[in-house]
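Student: model this:
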Amino acid sequence: MEIERITVRAGGIEQSVLVGGPPDGTPVLFVHGNCSSAQFWIPLLRRLPGTLRVAAPDLRGYGRTETAPVDATRGLADLAADVAALLDEPAVFGPTAPAAARPVVVGHSLGGGVAMRLLLAHPDRVAALLLAAPVSPYGYGGTRDLAGTPTAADFAGTGGGTASADFVARLATGDRGDDPTSPRGVLRATYVADPASLVPDEELLLDSVLSTAVGDDNYPGTSVPSPNWPGMAPGDRGVLNALSPAYFRIADDLVAVAGAAGRGAAAGGDGRGAAPGTTGRGAPPIVWVRGDADVIVSDTALMDLAHLGSLGVVPGWPGAATHPAQPMVGQTRAVLERYAAAGGSYREVVYAGCGHSPNIERPADLAAELLDLLTAVTQPG
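Tutor: Prediction:
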């Protein structure tokens, strides 16, 4: 598939978008994760047929899109609104975009959270979700069970203060070294299980990581002191705070989408009498893909301070009774099971030996999953 980069003004900001395929092709929207950009999709895009119309934007503060601030108190809603604005852009999804663009949305990591937010805000504009290593519907860090119970009332131990100061500083200076705490070292050690999977795209992917806007309004964001372990709580600005369960807790809302869509479908396929926000199509199906060697989104995540506390890396850990590692995988499965019980559907796909980035480590397999999902939603039954 031939890919080109375009710039459009949508949602009030200048957005840079990779697009490919015919304007009237089956639409697919790709949403990248944290500390990356749309370039993280290139290994996957290479393996897709030219009949699709693909769009992969750089989110605000990443890649070549405008460095606009992120209001953390909206969870990831700022980013979801930016992406939603692209659905009505003729340059992105063709001249019939306002009426016809109802893409399958593919989200990776943070982008999985953005994709879920997009579904909540615009259930009629999403055909299906393919979530690759997505953030838990209960946010990142600071919860202790499958119901998302907070470990502290102020969600201490989550948000902007959890980022490695050394990594942030190296990101800001564009460090291209290869020691373990450099962006390249982190890319090799945590984004993938096998660093060899980065070949031949490592420099391209490192460029993508280094495109991250660093600061209080973007990555990592602000923090405030807390009397609770480990001494800091999320602020109200920046990406990591937008991922905190203080502001990103969408489990119940996600389940409600399935319930509303199910009632709409029961009212009739033409949508007459359907529940508000539905058209009688039923809930968009969800495919959840993850690697069993993921160290970023897992039940023992290396960016979860509670897990690091249990390893002795963060001092003063209060113990497993009150501060266990967040069961991220278990939480996502529990919420998706509720989604299915409410009238939706989901399927979990696990890649053995794969880390946090199936789009890089297993692009052919992920492409096959996407094509199967597209067949299911375009040719139902």
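
Student: Please report how far the residue lying closest to residue 361 once chain neighbours are set aside lies from residue 166.
Tutor: Leaving aside its chain neighbours, residue 361 sits nearest to residue 197 (4.4 Å; criterion: C-beta to C-beta, 6 or more residues apart in numbering). C-beta coordinates here come from the backbone N, C-alpha and C atoms, glycine included. Counting by C-beta to C-beta, to the nearest Å, the gap from residue 197 to residue 166 is 25 Å.

Student: Also residue 1?
Tutor: Residue 1 is 38 Å from residue 166, by C-beta to C-beta.

Student: does the closest residue to residue 38 other than its chain neighbours sit in a helix, a strand or a coil?
Tutor: Spatially, and ignoring its direct neighbours in sequence, residue 38 is nearest to residue 56 (4.0 Å; C-beta to C-beta, 6+ apart). When classified by DSSP: H, G, I helix; E, B strand; the rest coil, residue 56 comes out as strand.

Student: and what of residue 316?
Tutor: Recorded secondary structure, residue 316: coil (three-state DSSP).

Student: picking up where we left off before, quick check on residue 197 and residue 166: which one has the bigger neighbour count.
Tutor: Each of residue 197 and residue 166 has its neighbours counted (other C-beta atoms under 10 Å); residue 197 has more, 19 against 11.

Student: Retrieve the pLDDT associated with that one.
Tutor: You'll see residue 197 listed with a pLDDT of 96.

Student: now swap in residue 362 and tell me
Tutor: So residue 362 comes in at 98 (pLDDT).

Student: Which strand or helix spans residue 117?
Tutor: Residue 117 belongs to helix 110-121 when elements are defined using DSSP states H and E.

Student: Report the distance from whatever helix or strand comes next after that helix to the chain centre.
Tutor: Note on helix 110-121: by DSSP H and E, the next helix or strand toward the C-terminus is strand 128-132. Relative to the chain's own centre, strand 128-132 is displaced by 9 Å; criterion: C-alpha atoms, centre = their mean, to the nearest Å.

Student: before we move on, what about stretch 321-339?
Tutor: 17 Å.

Student: Just the C-alpha atoms of it, please, in PDB.
Tutor: Listed next in PDB are the C-alpha coordinates belonging to stretch 321-339 (Å, rounded to 0.1, in the frame of the first residue of the first chain):
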ATOM      1  CA  ALA A 321      -2.800  -6.100  51.000                       C
ATOM      2  CA  THR A 322      -3.400  -2.500  50.000                       C
ATOM      3  CA  HIS A 323      -1.100  -1.800  47.000                       C
ATOM      4  CA  PRO A 324      -0.800  -4.900  44.800                       C
ATOM      5  CA  ALA A 325       0.200  -4.500  41.200                       C
ATOM      6  CA  GLN A 326      -2.700  -3.400  39.000                       C
ATOM      7  CA  PRO A 327      -4.300  -6.400  37.300                       C
ATOM      8  CA  MET A 328      -4.400  -4.700  34.000                       C
ATOM      9  CA  VAL A 329      -5.100  -7.800  31.800                       C
ATOM     10  CA  GLY A 330      -7.600  -9.100  34.200                       C
ATOM     11  CA  GLN A 331      -9.400  -5.800  34.400                       C
ATOM     12  CA  THR A 332      -9.700  -5.500  30.600                       C
ATOM     13  CA  ARG A 333     -11.000  -9.100  30.300                       C
ATOM     14  CA  ALA A 334     -13.500  -8.500  33.100                       C
ATOM     15  CA  VAL A 335     -14.800  -5.300  31.400                       C
ATOM     16  CA  LEU A 336     -15.000  -6.900  28.000                       C
ATOM     17  CA  GLU A 337     -16.900  -9.900  29.400                       C
ATOM     18  CA  ARG A 338     -19.400  -7.400  30.800                       C
ATOM     19  CA  TYR A 339     -19.500  -5.700  27.400                       C
END
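
Student: For it, buried residues please.
Tutor: Using 16 or more other C-beta atoms under 10 Å as the test for burial, stretch 321-339 gives 323-329, 331-336, 338-339.

Student: pretty sure residue 168 is in a helix, no?
Tutor: Yes: looking at residue 168 with three-state DSSP, it is inside a helix.

Student: All set, thanks.
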